[in-house]
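Chemist: Predicted model and sequence follow; I will ask about them next.
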Amino acid sequence: MSVLPITLYGDKILKKKAKPINKVDNTVIRLIQNMFDTMDNADGIGLAANQVGSDKAVFILDLSHIKDFEKTKPLVIINPKIVNRSEELSVMEEGCLSIPQVRADVERPSSIKIVFQDIQLKEHEMETDGLMARVMQHEFDHLCGIYFVERLSEMKQKELKEILKKIKNRALKFEYPITEKDLSQ
């Protein structure tokens, strides 16, 4: 398949709410395959469709390269809904392929219950916690048009203002293909 260029912080498509997938056709299958190739090429563990320029409600994750998750199968999550979040919160460092070179501690619910469809549009319900819950919440946020940096304190967001501006203007060196400019303008 193909490695797709990744959209960056500031690109309009990353702020749009994703559209539900009603039919899994060859275009959607190709998109998902290309998303896995793109994520693997960029050494990511999760990727939402809008990060490769698509407005479809799908994200993928693959934690199998992480210690203690080697037996975890890659997941395709279509039309997700988080139906329950724990009151217990946890803090974990996050990064994002659309916001390279930025890492920050983010507080999120420790566990979630998510309802989603697989590639056959069969519905599933999953309760998860820890890293899996963290990645799912991060990618779900993407489909809702939310960046992880928006979950940081105002002070931390101000600290990141300069690097975010450089990312938006593509003024940094990137380790993987990126879109040349905001494709959604």
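Modeler: Ah, there it is. Residues are numbered from 1 along each chain as shown.

Chemist: tell me the contacts of the most centrally placed residue in the chain?
Modeler: Note on the chain: the residue nearest the mean C-alpha position is Glu139, at 3.2 Å, using Cα atoms, centre = their mean. For Glu139, the contacting residues are 46-48, 59-61, 77, taking Cβ atoms under 8 Å, 6 or more residues apart in numbering as the criterion. The C-beta positions use only the backbone N, C-alpha and C, and glycine is treated the same way.

Chemist: how about the nearest residue to it, chain neighbours excluded?
Modeler: When the adjacent residues along the chain are set aside, Glu139 lies closest to Phe59, with 3.8 Å between them (Cβ to Cβ, 6 or more residues apart in numbering).

Chemist: again with Met126
Modeler: In this structure, Met126 finds its nearest non-sequential neighbour in Ile114, 5.4 Å apart by Cβ to Cβ, 6+ apart.

Chemist: likewise Val106?
Modeler: Residue nearest to Val106 in three dimensions, not counting chain neighbours: Glu94, with 4.7 Å by Cβ to Cβ, 6+ apart.

Chemist: rewinding a little: was I right about the residue nearest to Glu139 contacting Pro80?
Modeler: Yes: distance between Phe59 and Pro80: 7.2 Å, which falls inside the contact criterion (Cβ atoms under 8 Å).

Chemist: So between these two, which is more surrounded?
Modeler: More crowded of Phe59 and Pro80, by other Cβ atoms under 10 Å: Phe59, with 29 against 22.

Chemist: beta partners for that one?
Modeler: Taking DSSP bridges as the rule, Phe59 bridges to Ala48, Ile77.

Chemist: returning to what we had before: list the residues that contact the residue nearest to Val106.
Modeler: Residues in contact with Glu94, defined by Cβ under 8 Å, 6+ apart, are 103-106, 134, 138, 148.

Chemist: Please apply the same query to Asp129.
Modeler: Shown here is Asp129, whose contacts under the criterion Cβ under 8 Å, 6+ apart are 86, 110-112.

Chemist: the strands in the chain, which residues?
Modeler: 46-48, 58-61, 75-85, 89-96, 99-109, 111-117, 123-129 (DSSP state E).

Chemist: Check the protein for me, the residue farthest from its geometric middle.
Modeler: Taking Cα atoms, centre = their mean as the measure, the residue most remote from the mean C-alpha position of the chain is Met155, 23.9 Å away.

Chemist: measure that one to Val91 for me?
Modeler: Here the distance between Met155 and Val91 works out to 16 Å (Cβ to Cβ, to the nearest Å).

Chemist: Brilliant, that's me finished.
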